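Student: dropping a prediction and its sequence here:
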Amino acid sequence: MAVYEHDVLVVGAGLAGMRATIAADAGGANVAMITKVHPVRSHSNAAQGGINAALTSRGDDWDDHALATVKGSDYLGDQDAIEVMCSEAGDTLIELEHMGVIFNRDEEGHLGTRRFGGQEVARTFFVADITGQALLQVLYEQIVKSQARIYEEWFVTSLVMVDGQCRGVVALELMTGQLHLIKSKAVILATGGSGRVYEPSTNGLIVTGEGMAMAYRAGAALMDMEMVQYHPTTLKGNGILMTEAARGEGAYLLNSEGDRFMEKYAPNMMELASRDVVSRAVQTEINEGRGVDGCVLLDLRHLGRELIETKLSYINEVALDFVNVNLADQPVPIRPGCHYIMGGIKTDVNGATTIPGLYAAGECANVSVHGGNRLGANSLLDTIVFGRRSGHTAATYAAEAGEKAISESVINADRDFIKLLMSREPGNDSWAKIRRDMGDTMNEHVAVFRNEDGMQTAVKAILQLKERFAQLAVRDNSQVFNTSLLFTMELGFMLDVAETICVSALARKESRGAHYRTDIPERDDENWMRHILVHASPEGPSIDYLPVVITRWQPQARSY
Ligand SMILES: Cc1cc2nc3c(=O)[nH]c(=O)nc-3n(C[C@H](O)[C@H](O)[C@H](O)COP(=O)(O)OP(=O)(O)OC[C@H]3O[C@@H](n4cnc5c(N)ncnc54)[C@H](O)[C@@H]3O)c2cc1C
């Protein structure tokens with residue numbers, strides 16, 4: 001058996017994983033990046049609207065960005081972490097520009113900005129409506145230039161733990177069906193979100209939350225898992241994202257009576273209130289009978305054809321292809337859809353998790369910069385800032401970690417599990433049916449509006465789905481690119497993530513940010529200025545609490 005060995009292994013090749021890899025490589029570590037898809041197919045590629053930064057040279061102030069983020073988070077974000085992210089944003093943006101990202105420019109030739117939700121100031125930098133793709137390609141060039149090795153189309157199946165430390169991973173090479181042990185003194189999880197635990201979702205089909213589930217199984221704490229963001233504007237039918245940049249450029253939201261209904265919900269910020277507020281408003285209009293076919297309308301007509309075709313051409317193409325709407329001529333039907341998870345693996349501002357040797361960055365992590373609700377365009381910033389920090393810290397840690405003997409037998413459990421999946425008698429059930437039922441359950445009961453009964457129903461339903469999963473067989477026994485095996489294994493991880501979301505949601509007895517309970521509609525600062533932690537235990541998920549870090553901004557009533 002080949003032996004693979006590194007100082008730092010980065011799991012994931014999205015923006016967080018790439019930035020971490022570049023930082024660890026610059027720190028002199030022997031670093032590798034492992035990814036289940038080609039690097040530039042990572043979901044970061046789909047980011048449309050932009051990346052936030054307060055540039056002091058433009059008269060902006062990172063304090064103001066930090067305050068908007070704290071308020072956007074509904075005061076659940078840790079303010080020390082938010083200060084780190086916002087104060088490092090300016091240099092981060094300029095560094096990306098110097099690496100070669102061709103940001104849009106304004107008429108004077110300066111970097112152009114657009115306004116995003118929950119912020120008074122236009123501080124979102126962008127490349128048309130393909131910002132993620134532009135960033136990811138440029139970072140990929142840096143990876144190719146570096147010494148880093150890439151394991152491409154390898155699927156990580158578990159973390160290797162030795163004496164309480166993370167010391168590598170077990171991974172399935174999809175091309176050959178072989179399982180491998182990859183030893184590493186430090187491992188950085190940058191596996192992205194878990195959006196596909198819900199259906200429909202704006203997320204790519206590959207966004208299945210394994211990193212969170214693997215860390216959870218290995219004993220790490222997940223935090224704020226109840227905080228799942230529904231984006232207000234996803235396309236009718238399939239839930240493809242219609243970027244917030246449309247509203248940033250001035251688009252209206254209209255109900256069936258032609259009213260700009262945001263006037264009722266957020267008279268000052270209107271369509272650019274924070275996402276949780278706008279999603280609740282849209283859903284309320286639909287629920288109260290002022291929708292159009294289960295949707296409301298996003299109207300861009302007054303922005304003019306030229307702006308639409310230059311700055312929003314991607315969503316214009318999507319609207320044309322899927323619902324036959326040209327945004328310059330007609331409003332497009334949209335509704336809230338699952339988009340992002342604020343919760344994730346608990347880390348400090350250097351990416352360290354509760355397990356020595358294990359780091360996390362990007363959407364799978366929870367540094368606690370988004371709290372109860374992430375501001376649009378803060379996630380790309382999060383991936384780059386904390387990707388860099390975790391890469392740097394992991395390289396420093398690995399340099400002092402010393403050697404540990406690791407037996408090849410650590411791969412046996414995963415090998416036995418795969419054998420079991422392939423040897424079971426196939427019944428009528430399939431991974432696709434269970435995955436669909438899970439997505440529907442989450443979308444029905446743990447979505448924009450929640451209540452005790454619905455969440456209890458969801459917990460029970462997920463446990464039943466786990467029982468069905470425990471009987472599931474993989475019919476295809478082939479070794480080469482066995483996608484049935486891959487999708488089945490993904491589903492196992494997704495069910496763990498779904499369960500942690502449900503139990504965390506049940507635990508939070510108030511409404512805050514994206515977690516809105518119709519049975520307890522008020523925010524309760526006295527009792528709930530705290531994070532919800534969830535650990536794996538033999539009896540199932542176990543809940544713990546941690547106070548929110550406040551530095552400068554005391555909680556206030558939140559209005560937009
Ligand atoms: C449609 C859309 C538009 C968005 N627009 C914006 C925006 O404009 N601005 C903004 O700030 N945010 C936006 N977001 C959010 C933002 O894009 C994501 O939060 C961010 O890109 C996540 O990056 P990441 O590096 O954490 O993970 P990802 O880019 O999702 O990458 C995850 C990586 O992990 C790998 N991986 C996962 N599991 C395994 C495994 N088991 N084995 C091996 N590899 C694995 C994958 O192969 C992949 O390389 C958007 C999100 C979506 C879905």
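Tutor: Right, received. Where do you want to start? Numbering: from 1, shown residues only.
Student: strands of the stretch 151-300 of the chain, residue ranges please.
Tutor: In the stretch 151-300 of the chain, the strands defined using DSSP state E, counting those that start in this stretch lie at 154-162, 165-173, 178-189, 222-223, 228-235, 252-254, 296-299.
Student: out of those, which gets nearest to Ala361?
Tutor: For the strands of the stretch 151-300 of the chain, the distance to Ala361 is smallest for strand 178-189, at 6.3 Å, taking C-beta to C-beta. C-betas here are computed from N, CA, C, even on glycine.
Student: can you pull the buried residues of the closest one?
Tutor: When neighbours are counted by 16 or more other C-beta atoms under 10 Å, the buried residues of strand 178-189 are found to be Leu179, His180, Leu181, Ile182, Lys183, Ser184, Lys185, Ala186, Val187, Ile188, Leu189.
Student: stretch 427-435 too?
Tutor: Burial within stretch 427-435, assessed by neighbour count using 16+ other C-beta under 10 Å, is assigned to Ser430, Trp431, Ile434, Arg435.
Student: separation between the residue nearest to Ala32 when sequence neighbours are not counted and Met33?
Tutor: Leaving aside its chain neighbours, Ala32 sits nearest to Arg149 (4.2 Å; criterion: C-beta to C-beta, 6 or more residues apart in numbering). Applying C-beta to C-beta, to the nearest Å, one obtains 7 Å for the distance of Arg149 from Met33.
Student: what segments of the stretch 401-550 of the chain are strands?
Tutor: Per DSSP E, counting those that start in this stretch, the stretch 401-550 of the chain carries strands over the ranges 530-535, 542-547.
Student: just name the most buried of those.
Tutor: Of all these, strand 530-535 carries the top mean neighbour count, a mean of 21, counting by mean count of other C-beta atoms under 10 Å.
Student: now do the same for the residue of the stretch 151-300 of the chain found nearest the ligand: its pLDDT.
Tutor: When you check the stretch 151-300 of the chain against the ligand by C-beta to the nearest ligand atom, the closest residue turns out to be Gly192, at 2.4 Å. According to the model's per-residue confidence, Gly192 sits at a pLDDT of 98.
Student: show me the contacts for Ala46.
Tutor: Neighbour list for Ala46: Gly132, Gln133, Thr202, Asn203, Gly204, Leu241 [criterion: C-beta atoms under 8 Å, 6 or more residues apart in numbering].
Student: would you format the residues you listed as TSV with distance to the ligand, neighbour count and pLDDT included?
Tutor: As requested, those are arranged in TSV below (distance: C-beta to the nearest ligand atom, whole Å; neighbours: other C-beta atoms under 10 Å; pLDDT from 0 to 100):
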residue	distance to the ligand	neighbour count	pLDDT
Gly132	5	24	97
Gln133	10	18	97
Thr202	4	26	97
Asn203	5	26	97
Gly204	7	18	97
Leu241	4	23	96
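Student: kindly indicate which of the residues you listed lies nearest Val3.
Tutor: For those, the residue nearest Val3 by C-beta to C-beta is Gly204; the value is 32.8 Å.
Student: what sits against that closest one?
Tutor: With contacts defined as C-beta under 8 Å, 6+ apart, the neighbours of Gly204 are Arg41, His43, Ala46, Arg196.
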